[in-house]
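Enquirer: what follows is a predicted structure for the sequence shown.
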Amino acid sequence: MKKVKVSLTTRSYCILVGSGTLNSLAEELAKLGLKGKVLMVTNTTVEPLYGKILIDELTSSGYAVSSLVLPDGENFKSLETTAQIYDAILEAGLDRQGIILALGGGVIGDMAGFAAATYMRGINFVQVPTTLLAQVDASVGGKVAVNHPRGKNLIGSFYQPSLVFIDTATLDTLPVREILSGLSEVIKYGIITDPELFSYLEVNVIARGIRGKEFFIDIVEKSCAIKAKVVSRDEREENVRAILNFGHTIGHGIEAATHYQVFRHGEAVAIGMMGAACISREMGLISAPEVERIRSLIISVGLPVYFSGIAWEEIWYHMQADKKAKDGNINFILPTSIGSVVISPVDPHTIRKVVESELIR
Ligand SMILES: NC(=O)c1ccc[n+]([C@@H]2O[C@H](COP(=O)([O-])OP(=O)(O)OC[C@H]3O[C@@H](n4cnc5c(N)ncnc54)[C@H](O)[C@@H]3O)[C@@H](O)[C@H]2O)c1
Ligand SMILES: O=C(O)C(=O)C[C@@H](O)[C@H](O)[C@H](O)COP(=O)(O)O
Ligand SMILES: [Zn+2]
């Protein structure tokens, strides 16, 4: 297994990346001295695919395992569903040595992590992400949260897992639309910090197509390394970590305005990245050809660059709850070229002009 370290003094941990490795999870938990009762939190889609494998793996190594199977979907990423996790923790008899194991995509990881962060003020948390998006992004860095009707991830915390255990073979069952949604966050890493990764995607996705075990191990490892580096510098988004939010200001606005029913997270982020790139061009910070290169990769991958049926006012209502807002100003992550960004307030007229002229069709 490949290993990426997230260095955060006493909260440091490893991300293990392999293929066909689910049956060595117990060994990795034991190496970390994690011995308590386990509550596996998953959903109705993932449990039939990988639930039994993990339960058998852990129980055969002596772990006491219970499971909670939640309904599938972003609209269940709520305080109401989290209350069910607390009930299941109590039912399973977890004490402070207990382990919450999140098996699933980013929705399960964010919500189970939030429960782990808050139950008894924090118990052990292990991420076993099974979507590309969760493997390249959501399982790493400790942002745990649930949604509020006003906006995304508004109720949450920073709470690092003890281990991120990635088996890319789980992607074999993932629908193509979800693979593309995950690639959106990988494109994000290329634009914010890594022009070589951006070019690699142009070659490997556009020219050769998305395929192969090696391709996934490679992009998961590259992505985790980028995210680990940023998070290690700024765990609580006091400065540089905000760059990981590129494309999310408009993206989250679109997701919330459509009640999470129309776009996958990565799709909304793709539209949001296009919006931020166009805002940057309007402000004279990036050249038009660079913006078109971004558009071209997003389209070639099969991700959206515009939407219809939502009015500016609806998106704006939700965007104003963005966590990067300061004194009523919305801060954007704006690309200045492929591989570098600046963080800057943008006036609402410019945002509206770009959203209406470039993103709504
Ligand atoms: N904490 C963070 O840093 C962070 C980063 C990025 C995104 N997020 C959050 O992550 C969420 C999006 O995550 P996501 O894209 O994984 O969505 P998701 O969790 O809804 O998973 C997408 C779909 O794939 C299914 N699925 C999961 N694994 C599968 C598998 N191996 N085979 C078949 N189906 C499978 C799920 O049941 C679901 O239907 C959003 O809530 C977003 O806000 C958090
Ligand atoms: O880890 C981060 O920091 C990110 O911003 C990663 C994003 O991809 C992710 O969607 C995150 O949950 C957004 O965070 P939020 O603070 O805007 O809710
Ligand atoms: Zn995201």
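Expert: Sure thing, it's come through. Residues are numbered from 1 along each chain as shown. Ligands and ions are numbered 1, 2, ... in the order given.

Enquirer: hmm, residue 92 is touching residue 40, no?
Expert: No. Judged on CB atoms under 8 Å, residue 92 makes no contact with residue 40 at a distance of 9.7 Å. C-beta coordinates here come from the backbone N, C-alpha and C atoms, glycine included.

Enquirer: more neighbours: which of those two?
Expert: More crowded of residue 92 and residue 40, by other CB atoms under 10 Å: residue 40, with 28 against 17.

Enquirer: what's residue 165 sitting at in phi/psi?
Expert: Backbone geometry at residue 165, expressed as degrees, to the nearest 10, gives phi -110, psi 110.

Enquirer: how about the one 3 residues further on?
Expert: Residue 168 adopts backbone torsions of phi -70, psi -10, taken as degrees, to the nearest 10.

Enquirer: check the gap between it and residue 44 for me.
Expert: 23 Å (CB to CB, to the nearest Å).

Enquirer: ok, the two, which is more surrounded?
Expert: Higher neighbour count among residue 168 and residue 44: residue 168, with 24 against 11, using other CB under 10 Å.

Enquirer: contacting residues for that one?
Expert: 17, 18, 19, 135, 213, 216, 217, 220 (CB atoms under 8 Å, 6 or more residues apart in numbering).

Enquirer: ok, and the most crowded of those residues?
Expert: Ranking the contacts of residue 168 using other CB under 10 Å puts residue 135 first, with 33 neighbours.

Enquirer: that one: what's it in contact with?
Expert: Residue 135 neighbours (CB under 8 Å, 6+ apart): 17, 129, 166, 168, 171, 182, 220, 223, 224.

Enquirer: go through these and flag which are in strands.
Expert: Of those, the ones assigned to strands by DSSP state E are 17, 129, 166.

Enquirer: can you get me a residue count around the last one?
Expert: Residue 166 has 30 neighbours, counted by other CB under 10 Å.

Enquirer: can you classify residue 147 as helix, strand or coil?
Expert: strand (DSSP: H, G, I helix; E, B strand; the rest coil).

Enquirer: per-residue confidence for it?
Expert: pLDDT recorded at residue 147 is 96.

Enquirer: what's the burial count for residue 358?
Expert: By the measure other CB under 10 Å, the count of residues near residue 358 is 20.

Enquirer: contacting residues around it?
Expert: Residues in contact with residue 358 (CB under 8 Å, 6+ apart) are 274, 275, 278, 306.

Enquirer: export those residues to JSON lines and tack on distance to residue 347?
Expert: Output for the contacts of residue 358, formatted as JSON lines (distance: CB to CB, whole Å):
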{"residue": "274", "distance to residue 347": "19"}
{"residue": "275", "distance to residue 347": "14"}
{"residue": "278", "distance to residue 347": "15"}
{"residue": "306", "distance to residue 347": "22"}
